[in-house]
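# whatever this is, show me its structure:
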Amino acid sequence: MMRGGLIAALLVVTAAVAGYFLSPDFGPDQLAATAKPAGTQASGAKASVREILSPAQQIEAKRSGLLPAGVRSLLRTGGQMRHGEFQWNEEGAPAGPLTIWVDVRTQLISVFRGGHEIGTAVIVYGDDSMETPLGRFPILSKHRDYHSRSYDAPMPFSLFITDTGVALHGSPMSRRRATHGCIGLPDKFAELLFDAAKVGDLVEVVRSAEVQQRARAAVRS
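Here you go, the predicted structure:
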């Protein structure tokens with residue numbers, strides 16, 4: 001159920017700005033994600049908030065398929081991130097629609113606006129019996145205080161992406177938890193995303209390849 005992770009992974013040739021490499025024994029019970037302590041929001045000068053991608057890194061990010069096209073910067077995270085922890089900072093990001101990137105292998109969500117990452121968090125997702133669907137989905141509807149009748153469970157700050165009930169929403173966070181196909185987020189992060197996102201914004205759910213992750217370095221530092 002667990003995903004560890006990189007959001008951005010680039011070729012080893014870009015390792016001069018890499019914060020770490022994925023361990024060869026990376027597996028579903030290990031977290032390798034990076035971020036600040038739970039619920040924190042970055043502050044300080046712009047240079048300390050973001051890692052600006054070089055032209056070569058932008059090309060590799062697009063070529064590898066591990067980031068959406070047009071990514072220009074990632075949030076610096078400076079440490080190890082676990083369930084319940086997130087990073088959110090809109091500094092330097094222009095107004096406009098969001099692109100929401102979810103990787104069910106690395107267990108990370110990344111929110112981009114104008115090519116700049118404004119938020120990232122560790123997530124929970126569907127187990128083997130009720131897998132989270134992969135693909136590109138527009139946000140169909142928003143419900144701030146949704147309660148699931150099927151599972152008698154609260155789903156605060158729900159952003160529905162399918163007509164079969166799959167949503168991004170606030171959820172209890174634990175490495176041992178799974179959802180019924182939804183993408184579970186830390187509650188505060190879910191609220192920030194809910195307020196920033198609009199119906200029609202795109203959510204892309206992917207499962208990055210292990211071989212790519214082991215061959216590439218994260219640009220976070």
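# for this protein, which segments count as strands?
9-11, 50-52, 73-75, 86-88, 98-103, 108-113, 116-122, 135-138, 141-148, 153-160, 167-170, 183-185, 202-206, 216-218 (DSSP state E).
# who wins for proximity to Ile59 among these?
strand 9-11 (9.4 Å; CB to CB). Heads up, the C-betas are built off the backbone N, CA and C, glycines and all.
# hang on, the earlier thing: looking at the strands of the chain, which is closest to Phe194?
Nearest to Phe194, of the strands of the chain and by CB to CB, is strand 153-160 at 3.8 Å.
# now do the closest one against strand 141-148, angle only.
For strand 153-160 against strand 141-148, the angle by axes from the mean of the first three to the mean of the last three CA atoms, to 10 degrees is 160 degrees.
# got a list of contacts for strand 153-160?
139-148, 166-171, 182, 185, 187, 190-191, 193-194, 197, 203 (CB atoms under 8 Å, 6 or more residues apart in numbering).
# one more time with 6 Å, if that's ok
Strand 153-160 is contacted from outside by 139-143, 146-148, 167-170, 190-191, 194, 197, using CB atoms under 6 Å, 6 or more residues apart in numbering.
# of those residues, buried ones?
139, 142, 146, 167-170, 190, 194, 197 (16 or more other CB atoms under 10 Å).
# out of the residues you listed, the closest to Pro55 would be?
Nearest member of the buried ones among the contacts of strand 153-160 to Pro55, counting by CB to CB, is Ala197, at 29.3 Å.
# quick check: the closest one touching Leu98?
Yes - using CB atoms under 6 Å, Ala197 is in contact with Leu98, at 5.4 Å.
# averaged over its residues, what pLDDT does stretch 125-135 have?
What stretch 125-135 shows for mean pLDDT is 82.
# appreciated, that's everything.
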